[in-house]
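[1] show me the folded form of this:
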Amino acid sequence: MNRDLFITSALLGTQLLLLVMIPPQTSGAAITRPGPIRKQEKKLVPDSVLYFPLQNSGYVLLVEKSTQKTYLYQAHSIDRPLKVYPCSTGENRGPKSERDDKRTPEGIYFVTNSFEQRELSSIYGARAFAIDYPNPRDRKLGRKGYGIWIHGTNEILKPWDTNGCIVFRNEDIIELSRYTSEGHTPIIITQKINFIEKEELQREGIKLRRFIGSWLEAWGQGRIDLYMSFYCRQLTVAGKNWRQWRDYKRRLSERYGKIDIKIDNLQILREDGIVLAKFDQTYRANGFFSVGEKRLYLHKRGPEWKIADEFFKARKEFAQELPSSL
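    Just a heads-up that it's a prediction; the model follows:
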């Protein structure tokens, strides 16, 4: 071994040994010791998807206006988004409420129609999807305007640069079209995504599914007082207040006697504290049959959820002797 290298190695070894043996001086810098090992941080997920049909591994689009980004999630695996896309929303801030206010609505929406490039004006880019703004709740709340689309652009994408639509780069809207189906894929538009622990989201989802199941059971058994306990007192449905709705339901129960109600394709979604339970409803009774889509909007009143709004849209080809609402 080279003599100089040997001496250098020996000196380094001695210095290391001294560092180990000599205790630190109290007036000098303290030795940094690792703190206690933290428990593994719990996984945070968006609070939006509370329940989705088990038989369908559908997708959810979550549009966050504050960051001008859209998150694509698979409904049964919301630990992380499949992909994140830049987007552009209305040039004016806040939720849409008036025609031509250049704001993008906030809430839970669904695609009602889709268009290929050959069907579109050049301002809509390569693909476009119409959404159901104003939905029944928007109309009830007096929100105006129409023609809110999700579409591409042939221009450079700029944030906060639309008249209210949600705009993507052409390559992104084409990719998103593979995950979007009419009437089924939720488009949740929010100012800022709220994240909670995954376990909490699962507990809330179970609680809300039980709520819907108990509401449905009380209705099917004709226990109208119990059925009405699921509704908030400020309810108005089809122009009826809480008391009028109770009396109307009692008359229907007396008229039809035994009824059979089934629901399918239940989705439970949330935006800004408002929960939407959307499902297909089949109603059978003596001399009456109907199939349609029902939407229940739930608010939390203290520790309990209550139904604040209810909307039913019958499929006319299946309806017989249809009352004004069911």
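[2] any weak-confidence spans in the chain?
    Residue ranges of the chain with pLDDT under 70: 1-41, 55-57, 317-326.
[3] any idea where the helices of it begin and end?
    3-21, 136-140, 170-176, 198-220, 224-228, 242-256 (DSSP state H).
[4] start to end distance for stretch 48-62?
    End-to-end distance of stretch 48-62 (Cα to Cα, to the nearest Å): 8 Å.
[5] circling back: make CSV out of the helices of the chain and add mean neighbour count and distance to Val45.
    Just so you know, the C-beta spots here come from the backbone N, C-alpha and C atoms, and that holds for glycine as well. Formatted as CSV, the helices of the chain follow (neighbours: other Cβ atoms under 10 Å; distance: least, Cβ to Cβ, whole Å):
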stretch, mean neighbour count, distance to Val45
helix 3-21, 9, 47
helix 136-140, 15, 25
helix 170-176, 18, 21
helix 198-220, 15, 5
helix 224-228, 17, 33
helix 242-256, 15, 35
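[6] columns distance to Arg103 on top of the ones you listed, output as TSV?
    Listed next are the helices of the chain as TSV, based on distance: least, Cβ to Cβ, whole Å:
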stretch	distance to Arg103
helix 3-21	65
helix 136-140	13
helix 170-176	21
helix 198-220	29
helix 224-228	36
helix 242-256	32
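[7] separation between Gly58 and Ile148?
    Gly58 sits 21 Å away from Ile148, taking Cβ to Cβ, to the nearest Å as the criterion.
[8] neighbour count: the two, which is higher?
    Ile148 (23 against 20; other Cβ atoms under 10 Å).
[9] okay, buried residues for stretch 108-125 please.
    Ile108, Tyr109, Phe110, Val111, Ser114, Leu120, Tyr124, Gly125 (16 or more other Cβ atoms under 10 Å).
[10] could you do stretch 45-64 as well?
    Neighbour-count burial for stretch 45-64 [16+ other Cβ under 10 Å]: 45-52, 58-64.
[11] need the max-distance pair from these.
    Pairwise distances across the buried residues of stretch 45-64 (Cβ to Cβ) peak at 21.6 Å, for the pair Tyr51 and Glu64.
[12] show me what contacts the spatially closest residue to Cys87 that is not a sequence neighbour?
    Excluding its sequence neighbours, the residue lying closest to Cys87 (Cβ to Cβ, 6 or more residues apart in numbering) is Thr70, at 4.7 Å. Contacts for Thr70 were tallied using Cβ atoms under 8 Å, 6 or more residues apart in numbering; they are Leu61, Leu62, Val63, Glu64, Val84, Tyr85, Pro86, Cys87, Ile166, Phe168.
[13] give me the subset of the residues you listed that lies in strands.
    Among the contacts of Thr70, the residues falling in strands (DSSP state E) are Leu61, Leu62, Val63, Glu64, Val84, Tyr85, Pro86, Ile166.
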